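# Requesting a structural model of the entry that follows:
(2 chains)
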Amino acid sequence: MFEALVVGVSAGGLRALTEILPKLPKGYPLAILIVQHRHRDSDNFLTEHLNELSSVCVKEAELREAILPAHVYIAPAGYHLLVERDKTLSLSIDPPVNFSIPSIDVLFQSAATCYKNRLVGLILTGANSDGSQGLKFVKDYGGFAIVQAPNTAEVDVMPRAAIDLVDVDKVVPLEELAAFLTQARFKQNSTVVREKLDE
Amino acid sequence: MLGMKLEDMQEFEIDLLLEAIYFRYGYDFRDYSKASLERRVLHRVQQSNLNSISEMVPRVMHDTEFFELFLRDMSVTVTEMFRDPKVFHKLRQEVFTQLKTYSRVNIWHAGCATGEEVYSMAIMLKEEGLLDRTRIYATDYNNHSLDIAKKGIYPVEKMKLYTESYIAAGGKASFADYYLAKFGSVKMAESLKEHITFANHNLMKDQPFAEMHLIVCRNVLIYFNAKLQDRVLTLFKDSLIARGFLLLGDKETLDFSEVKSYFETFNKKERIYRRLMHV
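Model prediction:
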């Protein structure tokens, strides 16, 4: 049984997230944690906008908050978001990783250590390579790795970097991602059939 | 499966390491949030060419220089002058007017790291005519950070950002008046330093050391679990005079703390709290 979905997204993120999150059903079984790269002085527009459109609860991640299913937690601007082993959220202002704070790698690595094979990692559009190492961690600890099909990404550098580094389980076009993420097989680990990416 | 087992061991190894450090040096990191701590420890494993966290245990136990490295890793924080200028602006506008009613003012910067915010505070106090009657106590448990803070020497490249933040924080003069530029570095003015006492203080175990009118502790509590947070906030409560102020980081709050009832919220958005008169 998968418990959590971690999402890394950078340039082009507003469109991508707006395409995915509103299509997820109420009571979606996974908790969703998102790092969207943005300037540290950014306001809360992204979170409020997505929450208005979605039936799952979209909120800014808070310190020591317990992680719940059907909730989307967005890393606050200027802070790394991490998952503690007791499934609560942590924030830090440690140095940037891949020039990024929040960093996707930081979230993915800590989530992988916590959720192990009950974690799904997803890399979306972006112009750098943050998240590739993190997605590798997700795989190394038994999780499921998804990447947005590069030709459907506003900026394809980040998905391509992830595909280059990681033995991903599934590459999915943007418009099919919401449907893929709500498929029954994401509720049952045992029924997951790994699909290899065609080289 | 191998990866998973190693991962479970890692949690145990970190506990071992923290126990060893507590036993040997009395520094208690056992109540730190583990996720960031684990990243830092793994970084050290890599930097020092070790094979595992366990290998850090004998090194830490027998090699005090290695322990200093660990301490340094643990206290690396990203700090800057006038970080979140709006907060400094609010302090200047609303808290300083209150501080002006006292003949002597004590301010404690707890967890001052490399001191950027301490100098920012001193600059603002000077511009508001408060610096001459103020003593700032800037403390950290890490001597390496304190040395940098004491010297007050920072890279010149940062001055552009700092100048912008200084202006956004309501700066009244020219930021360049407060430092001397030389050889790619800047040195903060002695007139600011005279009012600052840098000292080693460990929030994990040390006691209150003076009565404070304002305590600044930003982005330190985010690294602590609830138990250690309560310890530190109790220390602040006991150090503050009645009607004294407490400033936290913008993601930190008293809401879930034992000491909540001793404070009122002075400014919610900027995380400024005020010690109540009678509780």
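
# name the helices or strands packed onto the single longest helix found in chain A?
Here the longest helix in chain A is taken by residue count, with DSSP state H as the criterion, and it is helix A:104-115. Using 3 or more CB pairs under 8 Å, 6 or more residues apart in numbering or on different chains; DSSP states H and E as the contact definition, the elements that helix A:104-115 packs against are strand A:4-9, strand A:31-36, strand A:80-83, strand A:119-123, helix A:132-140, helix B:34-47. C-betas here are computed from N, CA, C, even on glycine.

# Export the ones you listed as TSV, with columns for distance to A:Leu68, mean neighbour count and mean pLDDT.
Shown next, in TSV, are the helices and strands packed on helix A:104-115 (distance: least, CB to CB, whole Å; neighbours: other CB atoms under 10 Å in any protein chain shown; pLDDT from 0 to 100):
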stretch	distance to A:Leu68	mean neighbour count	mean pLDDT
strand A:4-9	10	28	98
strand A:31-36	6	26	98
strand A:80-83	13	28	98
strand A:119-123	16	28	98
helix A:132-140	20	24	97
helix B:34-47	18	19	95
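
# and the angle from the longest helix of chain A to helix B:34-47?
Between the direction of helix A:104-115 and that of helix B:34-47, the angle (axes from the mean of the first three to the mean of the last three CA atoms, to 10 degrees) works out to 110 degrees.

# what's the spacing between the residue in the stretch 1-150 of chain B positioned nearest to chain A and A:Ser90?
When CB to the nearest CB is the measure, the stretch 1-150 of chain B has its nearest residue to chain A at B:Ala35, with 3.8 Å between them. Applying CB to CB, to the nearest Å, the value for B:Ala35 to A:Ser90 is 5 Å.

# related to what we said a few turns ago, so which of the helices and strands packed on helix A:104-115 comes closest to A:Ile74?
Using CB to CB as the measure, strand A:31-36 is the one of the helices and strands packed on helix A:104-115 that comes nearest A:Ile74, at 4.9 Å.

# The next helix or strand after the closest one close to chain B?
Past strand A:31-36, heading to the C-terminal end, the next element that is a helix or strand (DSSP states H and E) is helix A:45-53. No - counting by CB under 8 Å from any CB of the partner chain, chain B has no neighbours in helix A:45-53; the shortest distance is 14.1 Å.

# as a whole number, average confidence for helix A:45-53?
Helix A:45-53 shows an average pLDDT of 95 in the prediction.

# Quickly note the distance from B:Arg39 to B:Ser33.
11 Å.

# Now for those two: what residues contact both?
When contacts are counted by CB atoms under 8 Å, 6 or more residues apart in numbering or on different chains, the set common to B:Arg39 and B:Ser33 consists of A:Leu82.

# Any chance you could list what contacts the helix or strand containing A:Ile146?
Assessed by DSSP H and E, A:Ile146 sits inside strand A:144-148. Residues lying outside strand A:144-148 but in contact with it, judged by CB under 8 Å, 6+ apart, are A:2, A:16, A:119-125, A:135, A:138-139, A:159, A:162-163, A:166-174, A:177, A:180, A:186, A:192.

# and these near chain B, which?
For chain B, no contacts are drawn from these by CB under 8 Å from any CB.

# Quick check on these: which are buried?
When neighbours are counted using 16 or more other CB atoms under 10 Å in any protein chain shown, the contacts of strand A:144-148 contain these buried positions: A:2, A:16, A:119-125, A:135, A:138-139, A:159, A:162-163, A:166, A:168-172, A:174, A:177, A:186, A:192.

# If you count neighbours, what's buried in the helix or strand containing B:Ala20?
Here B:Ala20 is covered by helix B:2-25, with elements defined by DSSP H and E. By 16+ other CB under 10 Å, the buried positions in helix B:2-25 come out as B:7, B:10, B:13-14, B:17-18, B:20-21.

# Also stretch B:209-216?
B:212-216.

# Stretch B:214-226 now?
For stretch B:214-226, using 16+ other CB under 10 Å, the buried residues are B:214-225.

# can you put the residues you listed in a markdown table and add pLDDT and secondary structure?
Conversion of the buried residues of stretch B:214-226 to a markdown table gives the following (pLDDT from 0 to 100; DSSP: H, G, I helix; E, B strand; the rest coil):
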| residue | pLDDT | secondary structure |
| --- | --- | --- |
| B:Leu214 | 98 | strand |
| B:Ile215 | 98 | strand |
| B:Val216 | 98 | strand |
| B:Cys217 | 97 | strand |
| B:Arg218 | 96 | coil |
| B:Asn219 | 94 | coil |
| B:Val220 | 94 | coil |
| B:Leu221 | 95 | helix |
| B:Ile222 | 95 | helix |
| B:Tyr223 | 95 | helix |
| B:Phe224 | 94 | strand |
| B:Asn225 | 91 | coil |
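
# Go back to the residues you listed and keep what's next to chain A.
B:219, B:222-223.

# ok now do the residue most central in space within chain B, which residues does it touch?
When CA atoms, centre = their mean is applied to chain B, the residue found nearest the centroid is B:Gly111 (2.4 Å). Contacts were defined as CB under 8 Å, 6+ apart; by that measure B:Gly111 touches B:77, B:139-140, B:203, B:217-220.

# Contact residues of chain A facing chain B?
Taking CB under 8 Å from any CB as the measure of proximity, chain A contacts chain B at A:62-64, A:76, A:79-80, A:82-85, A:90-96, A:101, A:106, A:109-110, A:113, A:116-117, A:140-142.

# what's the model's confidence in the longest helix of chain A, averaged?
Over the span of helix A:104-115, the pLDDT mean works out to 97.

# Quick one: work out the angle between that helix and strand A:31-36.
For helix A:104-115 and strand A:31-36, the angle between their directions (the same axes, to 10 degrees) works out to 160 degrees.

# what is the orientation angle of helix A:104-115 with strand A:4-9?
With the same axes, to 10 degrees as the criterion, the two stretches helix A:104-115 and strand A:4-9 enclose an angle of 170 degrees.
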